[in-house]
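Trainee: Sequence first, then the predicted structure, then my questions.
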Amino acid sequence: MGYPVILHLRGRRVVVVGGGKVAARKIHGLLEAGAEIVMIAPEAEPELQALAAGGMIVWKKKRFDPDDLAGAFLVIAATNDRKVNEAVAQAAPGQLVNVVDDPERCDFHVPAVVRRGALTIAVSTGGASPALARRIRRELEEKYGEEYGPYLEFLQRARGIVLREVEDAEGRKRLFQALAADSFRQSGRWEEEFTRLLAKEKERNKEGERGR
């Protein structure tokens with residue numbers, strides 16, 4: 001069993017060895033996370049060449065050398081040559097390494113991911129079946145639609161208001177549970193309903209103080 005985490009890669013150096021389609025998928029995901037990407041490859045897909053030309057990634061147009069991993073927080077071996085991928089894994093002691101064609105050599109697996117704003121849902125089969133992980137991801141994409149993005153933005157704002165304006169711990173808990181309910185989300189009237197619930201909780205708190 002692995003230990004699931006979400007890594008914060010913004011500003012971190014990530015080295016991707018390989019310039020093919022698999023490397024491209026990895027690089028696009030790393031760009032979303034704000035990583036500083038260095039690609040090591042003698043040749044690269046046109047889309048990766050465009051990213052390098054636009055300054056989105058650094059492309060070292062060369063074959064892999066162990067020195068290429070200096071300073072890397074994360075390393076991904078994504079070539080179609082198992083010997084090169086093995087060399088990358090051996091050259092990265094103490095660094096987090098993913099070898100795309102060899103789960104046993106990986107320090108971590110990259111899950112299939114559904115993103116809806118602040119909501120991140122990750123699916124991993126531990127490298128046993130990426131195809132199954134992708135199928136489950138598609139099912140989750142249908143279940144958790146695009147509306148979850150703005151809904152999470154609203155919840156973040158509402159949480160700050162509750163923490164500022166409701167002192168009672170039980171009152172906060174009731175509000176948070178009400179805001180997370182499916183019936184609340186599906187109502188679509190988030191601001192209106194939140195205002196009503198907040199006022200109700202404040203009144204409950206006042207009544208409790210009068211009764212003491």
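Mentor: Alright, I've got the coordinates.
Trainee: Only C-alpha atoms from now on, for both contacts and neighbour counts.
Mentor: Noted.
Trainee: Over to residue 40: give its phi and psi.
Mentor: Main-chain dihedrals, residue 40, degrees, to the nearest 10: phi -110, psi 110.
Trainee: In contact with it, which residues?
Mentor: Residues counted as contacts of residue 40 (C-alpha atoms under 8 Å, 6 or more residues apart in numbering) are 15, 16, 17, 18, 19, 59, 60, 61, 62, 63, 64, 68.
Trainee: Show me what it is bridged to.
Mentor: Under the criterion DSSP bridges, residue 40 forms beta bridges with residue 17, residue 60.
Trainee: gap between it and residue 116?
Mentor: According to C-alpha to C-alpha, to the nearest Å, residue 40 and residue 116 sit 31 Å apart.
Trainee: same question, residue 142
Mentor: Distance, residue 142 to residue 116, by C-alpha to C-alpha: 12 Å.
Trainee: Repeat that for residue 155.
Mentor: When C-alpha to C-alpha is the yardstick, residue 155 and residue 116 sit 13 Å from each other.
Trainee: Ok, residue 186 next?
Mentor: Separation of residue 186 from residue 116 (C-alpha to C-alpha): 16 Å.
Trainee: Neighbour count: those two, which is higher?
Mentor: Each of residue 186 and residue 116 has its neighbours counted (other C-alpha atoms under 10 Å); residue 116 has more, 18 against 11.
Trainee: For that one, give me phi and psi.
Mentor: phi -130, psi 80.
Trainee: what sits against it?
Mentor: 144, 145, 146, 147, 148, 149.
Trainee: Let me see the contact set for residue 147.
Mentor: residue 116.
Trainee: Mind pulling up the pLDDT for it?
Mentor: Note on residue 147: pLDDT of 93.
Trainee: same thing with residue 208?
Mentor: pLDDT for residue 208: 66.
Trainee: try the one 3 residues further on
Mentor: The predicted local distance difference test score for residue 211 is 60.
Trainee: buried stuff in the helix ranked longest in the chain?
Mentor: Taking DSSP state H as the criterion, the chain has its longest helix at helix 190-211. Neighbour-count burial for helix 190-211, counted by 16 or more other C-alpha atoms under 10 Å, picks out 190, 194, 197, 198, 201, 202, 205.
Trainee: All good on my end, thank you.
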